[in-house]
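A.B. asks: Sharing a model prediction with you, sequence too.
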Amino acid sequence: MVATLLLPLHDNWRWMLAVMIVPAVLLFWVRRGVPESPIYLARMGREAEARAVIDDLVARAGATAEQYVIPPAAPRPRRGGLAAAVEQLRGVWSFNPSLTGMVWLLFCTVLLVYYAALSWMPSILRAQGWASTPPSPVPR
C-alpha cells in the first residue's frame, strides 16, 4: 500500500526507504514498554522484580489477584562458547524434532528464494530493457 501511495512521487524509492525506518524506530519505543520476563527474573534470583511484573500484568488485565508461588531457581551451570550453543540447539530440537526440522527447512527455503530473487532481479530487469541509470530529461 505504501508503495502504491508513493508511486506518483519522483524518486519514490528514497521515500520508501525513509518509510521503512518508521517500524524500526517504533520497535525501540514499543520495547521500552514491554516488561522483562518474570521467568527470566526468577531464574536470575530477582524474585521481587518478577512479582512486580506479574502483579502489574494481572492488574492491567483486570483479573482477580490470587496467591502464587515462584519456585526457587534451579542452579544452572553457566557455560560459554560452543558448549552453550550445543546446549541451546539440543533444547530447540528436543521439543519436536520433525516440527523443528520442517520450520528450519521452510525458513532456509524462504531465505534462499528471497536472496536468489534479489540477486537475479537486476539482470532480469536489464534483460527486459530497464536501464540501470535514469533516463536523461527530454529538452524542451
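C.D. replies: Here it is on my side, so go on.
A.B. asks: C-alpha from now on. contacts and neighbour counts both.
C.D. replies: Will do.
A.B. asks: can you give me the helices for the protein?
C.D. replies: Taking DSSP state H as the criterion, the chain contains helices spanning 2-6, 12-33, 38-43, 47-61, 82-95, 97-127.
A.B. asks: P72: which of these is closest?
C.D. replies: P72 lies closest, by CA to CA, to one member of these: helix 38-43, at 7.4 Å.
A.B. asks: who does the closest one touch, helix- and strand-wise?
C.D. replies: Applying 3 or more CA pairs under 8 Å, 6 or more residues apart in numbering; DSSP states H and E, we find helix 38-43 packed against helix 47-61.
A.B. asks: got a list of contacts for the helix it packs on?
C.D. replies: Identification of contacts with helix 47-61 by CA atoms under 8 Å, 6 or more residues apart in numbering yields P35, E36, S37, P38, I39, L41, A42, T64, A65, I70.
A.B. asks: what about 6 Å?
C.D. replies: Outside of helix 47-61, the residues within contact range by CA atoms under 6 Å, 6 or more residues apart in numbering are P38, L41, A42.
A.B. asks: Can you lay out the helices of the chain as TSV showing mean neighbour count, mean pLDDT and distance to A74?
C.D. replies: Putting the helices of the chain into TSV (neighbours: other CA atoms under 10 Å; pLDDT from 0 to 100; distance: least, CA to CA, whole Å) gives the following:
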stretch	mean neighbour count	mean pLDDT	distance to A74
helix 2-6	11	75	50
helix 12-33	11	84	28
helix 38-43	17	88	7
helix 47-61	14	92	13
helix 82-95	11	88	16
helix 97-127	12	90	26
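A.B. asks: Go through these and name the closest to P75.
C.D. replies: Nearest of those to P75, taken as CA to CA: helix 38-43 at 8.4 Å.
A.B. asks: circling back to that earlier point, I'd like the helices of the chain as a markdown table, with distance to P75 appended.
C.D. replies: Formatted as a markdown table, the helices of the chain follow (distance: least, CA to CA, whole Å):
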| stretch | distance to P75 |
| --- | --- |
| helix 2-6 | 50 |
| helix 12-33 | 29 |
| helix 38-43 | 8 |
| helix 47-61 | 15 |
| helix 82-95 | 15 |
| helix 97-127 | 27 |
